Every structure is written in C-alpha cells, then in structure tokens.
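Enquirer: got a predicted structure plus its sequence, pasted below:
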Amino acid sequence: MNLPATDIRTAPAEKAPKRQRHIAEEFRGKFYVYFCVLLMIVIIFSIVYFIASRGLAPFIANGVSVKEMLFGLKWNPEGDPAAFGALPFLFGSFATSLLAAVIAAPLGFCASVFMTEIMPKFGKTLLQPAIELLAGIPSVVYGFVGLSVIVPFLRDTFPGQGIGILAGALVLSVMILPTITTIATDALRSLPSGLKEGSYALGATRWQTISRIILPTTLPSLLTGVVLGIARAFGEALAVQMVIGNAPHIPHSLFESATTLTSIITLEMGNTTSGSLHNNALWSLALILLLMTFVFVFVVRVLERRVKR
Amino acid sequence: MSKHAFYTKDLSVYYGEKQAVKKISMEFPAREVVALIGPSGCGKSTFLRSLNRMNDLIPGARIEGEVWIEGRNICDPGTDVVSLRQRIGMVWQRPNPFHKSIYENVAFGPRYHGIRGKKALDEIVEECLRKTALWDEVKDRLHQSALALSGGQQQRLCIARSLAVRPSILLMDEPASALDPVSTSKIEELIAELKKEYSIVIVTHNMQQAARISDKTAFFFLGDLIEYDDTQKMFTNPSKKSTDDYISGRFG
Amino acid sequence: MRAKTVDRIATSVIIGVAVLIMAVLAALLGFLLVRGVRHIDFHFLTSFPQAIKTGGGIGPQLFNSLFLLVLTMIITIPLGLGAGIYMSEYAKQNRLTDFIRLVVEVLSSFPSIVVGLFGLLVIVNTFNLGYSLLSGALALTVFNLPMMVRLTEQSLRAVPREQKEAGLALGMSKWKTITSVMLPVALPSIVTGSILAAGRVFGEAAALLFTAGMSSPRLDFTDWNPLHPTSPLNPLRPAETLAVHIWKINSEGLAPDAPEIAAGASAVLVIMVLLFNLGARWFGRVLYRKLTASK
C-alpha cells in the first residue's frame, strides 16, 4: 500500500458525503448539549413557578397577610380563627444557623490556618481527609448522633430537656465546618507568597502575620465560606428536626424546645391534604426558604466580586 | 500544477485589538521545508496556527486576508474547516499523544475518516510507524499506552498520527524544542525524509536547526515578514540588516 | 517579647483546634461504629424490618438505597455530562453563559427539602408518578445535577489544549474530539467526583421523604419482574431508603429495639459512605494509572 502525499488534484473524491457526516455528527452533539442545558433552565424555572404558585395562594386566595406570616407569633392553621404566624420558625432557622456559624467559623479558620501555615504536611495528610469525611457523613446520621450524644449531654449539664436551639446549632456547626474550612483553605493557599515573606522579613511573628496580613486580605473569601455555611445550615432539614424539639413558639433559652422552617415543613407536609389552606401555608414557608436561597446566592456573588477586585 | 503547495495573501491575525500578524503574503513551495524564525512573540507561531485555522479556538482571535490551499480560501466563512484540517497535519511543541494505545493513536484518524477493516488499518499503522522510524521500536507493544513511550518516541508517534489521515502539508510548531539532542536529530532526519512527500512548514527557535533542515527560511519580527528567501542565502548573505543581526545572534 | 508570647499562645490555640476537629471526627466514627457494628450481622442486613417487635432488619432499605442510587446515576450522568460539555466547550463568553452559570449555582444551593417538595408537586402529583423510586431518582437528579455539571466542566477544562487541537487537526468534528479525545483524558477525575457524589446521594433523606416515600411494599425478593408491584426492581413502587429509615425510627420508631436498629443502620450508612470515599480515591488512581500508563 502506498500512502502518498497526494497531489492536490487527486484528493479523495468521497469528500462530499464525508462532509455531510461530520456536520450531522456535530449537529447531533450540539443538539444534545443544548437540550441538557435547556432542561436545567426549565427545571429551575419550574421549581420557582410551582412553589411560588402554591406558596402565594394563601396570600392571594385566602387573604392571609404577609405581615401576619412574617411577624405573627401563633401558628395554628387548623384553628378557628386560623393563625399563620411563622415568626417562631423564622426565628428558629436564623438562630440555629447563625449560632452554628458563630461556632464553626473560628474553628474553620483555625483549621485552615493550621493546614496552610502551621503544619501543611500533617494538615494535608490527616486533617484534610478528616474534614472531607465530615462533609460526606449523611445528615440523618448527624441527627442520630445529636439525638443520642449531644441531647443527653446537654440534658445532664444544663437545665431543660437538652433539645433546643443549642443542640441544633451544635449539630449544624459540625455539618458546616467542612464548607467553611475548605473555602478558607483555598483562599489562604492562593495567597501570593511574597505577601507573607514581606511580613516575616519585617520581623513580624507568625501570629502577627496571620492576624494583620493574611486574615484581612482573605476576609471576603472567608466570609463567602461562612455565608455558604449559613445557607447550608438554613436549608438543612432532618438533622435539626431530630434534635430541636419542634415546639412552635419562640424559646426563652437555648435549651428549650423550638422549631425551624424546614422542620415544620417536614413534619406537617405529609399530614395535610393537598390544596387545603394549611397545606398551602406550608408551601408559603417553602417559598420563604426558596427566597432565602436567592438571598444567599446574591450575597455570595457580591462577596466574590470583592475577591476578584 | 503550480509549483507552490499553498499561499497566503495579506494574512492578518488579531487577538482582540492587538494585531499579531500583519498582512503577510507568502508562497510555500510543494515538497520543501520552510522554516519560520524570529524572536519570541514575533507572530510566527500564530501565523502557523492560522494556516489550519487552529486559532479559531482562542477566544478573541480573528483572521483577515486569505489562505489558499487546494484551490480554496480557508479563511472564507463558508469553508468547511473540519474537512480542511484533514489535509493539513500538525505537530506541537510538546508531544501530545492521545491517551490511547500506540496502535489506536495512529488508527484513530483513518478509522474516523471511514477506513474500516482491521487489515487496512493495520497496514496504515505499520506504514506510518515505519515512515517515522518507530516501527521497530514499538511493533511488539502496539497495544500498550502511548504515554509509556519516551518523549522523542511520543513526538514521532504524533507525526505518524498526523500522516495517517493523508495530509499533503505538515505544520510543525517547534517540534524538537522539548526533546533531548538524540531525539532532536532523529526528528530532523525524519523531516528530511518526509519532505520527499509532504510540504513542511516548521517554526523553530534554533538557528542551526533552521539552517540544517530547511530549503527556505522566513524571518518574522513584530508580526511582520522581514525577509523570505532560500535558506542558504538567508544565512550567508541576507539582504536586510535586521535579519543578519538576528541570525548572527545580536538580538532575540 | 510580648509579641512572641502572643504568637506562642495563638499557635497553641490553632493546634488545639486542629486536634479538637480530629477528635470530634474520631469520636463520631468511634461512637457510630462501636454502637452500631454490634448489631450488624447477615440477618440484620437481609431481613425485613419489624414494626413493633424486636429483631427487625434493614434488608429492603439497603436494597432500595442501592437501587435508587443506580437509577439516579443513570439519569444524572448523561445529563450532567451534556450540560458540563456545553459549559466547558460550547458556551461563549456572554450574558447567556453568565445566566446559565447562575442557574447552576442557584440549583446547587437549593435546600434538599425544597427539591423534595418540588418533586412532590411536579413529579409525584402532576406527572402522577406517585411515591415511587422513579420520583425519588428524578428528585435526586435535580439535587445532583449541578454537581455533575461543575465536575464535568472542571475536568474538561483541565485537559491540555494540545489534546483538543490534536483531535481537530486530524479533521475530526468538535463533538467527536470532545467525546473521543478529551473525555477519556478527563475520565479519572469525572469518575472520582461521581463516586463522591454518589456517596452524597446515598445518604440523602430530606429530598426523598415526599418523593420516594416513607414505606415499602412487602417486597418479594424472588420476583424479579420489574412490572410486578412487589418486585424489588419495579421502579414505580414506593421505596423507603436506609437514610429515610434512620430518620423514621428515630422520630416515630415503635419497635423496642429502635435505638439499636438506628445505631446499626447509621453504622451501615457511614461505612458505605467511607467505602465510597476510599473507593473514589482508589478507583480514580487506578484509572489514571491505566489510562496514562504511568507506574
């Protein structure tokens, strides 16, 4: 067989059908990827549309006021008169997730400083896998551990039943620790090394370098991690529901039974008939969750823009 | 049939606002080696990569002017770039074999272009590997991964891969700059052998290499084609002073 | 001198925190395994749960979890690859792409309970699939898709540009170059990431409460015809997964040995997640070695 550098004129004659083939192939491929992307867009719009259409019904069709929902203290959708105050749930969700962030953020920062500045080798081989593993543990398992370890511990140590905001926040803090740590570590690693060396060259101690140079420079990234952690905690359902006690009122202490948006939805959604006012009021709560997601994404975007600058 | 294999006319390449190649018109003779030389960033690689429209991949890159190959202007928007590229082989600075077996690296192209049947493919693989002097080195391990080969072998495999789809032109972007001296001289021998059948354009940083292997040499500077002539004349008696300065190592 | 003291204190605090985190993880795993492993035996893993008696197992739940995982991945992987290929290779730098990126980000930030509720409303009720494995798999697909898209996009972006150019220079269409040249190079990281994602799917419960349901029919493990209502393979039957089961027995378990079953089931779940984690690393490495022929 002869593989000639073909003369220009004797170039293969089957060119025409071949061209058709690769164009058709490209077209099919493009069609497929466009389909996948379109599907994703359709999914997100239908999520928003369907949840909003149910969640807005109580306000539009049944005359429940938005003000009552957001600031009312009493939740009794089946009662007479029915009450739709969701403030206790909102309070519970914000309290648990913010408290969890308050606990987890310093721990996460310390862990990331440990992994990048103090003992990088040990951090990479032991601490990092440990944190990845924490991220992989399912939320029901966290709930189970919370119920069988944290709640009894709190019951024995503090007044009250052990269940409540603090139990929820402790469980959540372990769950969001990986998010905060991972993002903080990435930020610290991407820091130009000249920055640190400059500080050490001036005779600053390690801690001075960390607290005066490294943390201020990476602050927006660190905050991004914290916000993502809060977002995750805010949307977490089962782990919190298992340890918080689920009493629909604003608690007076950290050790008193409380509830969150996600828990009330989890508990009541199955027991109400679709289309009833009670059911629709639960969809309103879901809508609030959805809107909070948008808020969190927006805040993260704003922070990320800061990082880029 | 004209003596030249292909030619460019007023070819310009822009990256965004920056003009990287400035209105270059060049003729490339058939079955000869043309070396493109010049300091880094002079536009020679960009020029090479626009000959098979590989620059299309770079966001913001834009071509103006004409490149005529086989009676078609490949810069014409209606040109089927995909089938055009089959006629033009390309070799890169770093060897980039596919993450497949040695056999598959060579057979992959022809099979895609419609050659079926094990026997036909086997023949193509053997022929291409023989042409690149690789056959004896790898014939016992054709089905092992190509990434297990040495850098020089990988580069020759990449050349074999591009020969397998029967191009008439080979574009080489510093094909030996990442290789050791022994592998480099093998590649150079190979180029001397291949020019019997293919028109070759090679970008090189290495002046001696250009002098050794090319028939014609083009000197690029800041996106302009300064001088283009027979290699012998370029290296002994260039007509432009800047060419002389560059070749004799006074800058660049 | 004072600065040095502060430095020493700060360093010790940081090291203390690192030790604390390791200790929490060790305690967590230790607790789960010590409490749980005692209850794990062949009978526990294969027998049916008991509502009010002791001695119930988690056989159907374990099967459901695995089956649901397979169904989810079958749906997610092709869609995620497609959208990921778009993001990495076909998307132009413009507003539309920014918008799609936002969609992926929002989709990945939705709480899983919201995804579950969407599944209830659209898949279970509107499409009328009922509480079923298929509904659950579709809801988990929504939940998992953004991760798969990002994974594919990042893995393809990490492929050297010369690989892509080599495919194109042989006169192949872009699509063929992506699928036959670039995907094989990206495969190890895609596989590793998918297995990790699978671990997440395996432990997910909130999205499944209202889609796959909280109960299983009395499965007949001798009937493998997917069309029969009690066949394990029937994708249209309700299915309680292991994670959902743990939640259920913790909140409303009536069996006297409910805490033991919860402990055993949690241990099984965590062991599975550990296996996914280790498996992903191991498999990714093996695949990488095989594909690149490096020693």
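Expert: Received the coordinates, thanks.

Enquirer: quick one: residues contacting the closest residue to chain C within the stretch 151-300 of chain A.
Expert: Of all residues in the stretch 151-300 of chain A, residue A:235 sits closest to chain C, at 2.4 Å by Cβ to the nearest Cβ. C-beta coordinates here come from the backbone N, C-alpha and C atoms, glycine included. Applying Cβ atoms under 8 Å, 6 or more residues apart in numbering or on different chains to residue A:235 gives the contacts A:262, A:289, A:292, A:293, C:109, C:110, C:111, C:112, C:113, C:114.

Enquirer: swap in residue A:262?
Expert: A:93, A:235, A:236, A:237, A:240, A:241, A:289, C:111, C:113, C:206.

Enquirer: what subset of the residues you listed is buried?
Expert: The neighbour count (16 or more other Cβ atoms under 10 Å in any protein chain shown) marks A:93, A:235, A:236, A:237, A:240, A:241, A:289, C:111, C:113, C:206 as buried among those.

Enquirer: mind checking how far residue C:189 is from residue C:91?
Expert: Computed with Cβ to Cβ, to the nearest Å, the distance linking residue C:189 and residue C:91 is 20 Å.

Enquirer: can you report how many residues lie near residue B:143?
Expert: 10 (other Cβ atoms under 10 Å in any protein chain shown).

Enquirer: where does the stretch 101-250 of chain B have low pLDDT?
Expert: Counting by pLDDT under 70, the stretch 101-250 of chain B contains no low-confidence range.

Enquirer: and the residue of it closest to chain A?
Expert: residue B:197 (3.6 Å).

Enquirer: element containing residue B:217?
Expert: strand B:216-221 (DSSP states H and E).

Enquirer: partners of that strand, with directions?
Expert: Within its sheet, strand B:216-221 is paired with strand B:33-37 (parallel), strand B:224-230 (antiparallel), according to DSSP bridges.

Enquirer: want to throw these into CSV with mean neighbour count?
Expert: Shown next, in CSV, are the strands paired with strand B:216-221 (neighbours: other Cβ atoms under 10 Å in any protein chain shown):
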stretch, mean neighbour count
strand B:33-37, 26
strand B:224-230, 18
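
Enquirer: can you tell which of these is closest to residue B:171?
Expert: The closest of the strands paired with strand B:216-221 to residue B:171 is strand B:33-37. By Cβ to Cβ, the value is 9.9 Å.

Enquirer: wait, isn't residue A:39 in contact with residue C:76?
Expert: No: contact criterion Cβ atoms under 8 Å: residue A:39 and residue C:76 do not qualify, at 11.7 Å.

Enquirer: more neighbours, the two?
Expert: The residue with more neighbours, out of residue A:39 and residue C:76, is residue C:76; 25 against 15, by other Cβ under 10 Å.

Enquirer: wait, what's in contact with the more buried one?
Expert: Residue C:76 neighbours (Cβ under 8 Å, 6+ apart): C:140, C:141, C:144, C:145, C:148, C:197.

Enquirer: which of those sits closest to chain B?
Expert: The nearest one, if we look at the contacts of residue C:76 relative to chain B and count by Cβ to the nearest Cβ, is residue C:148, at 21.7 Å.
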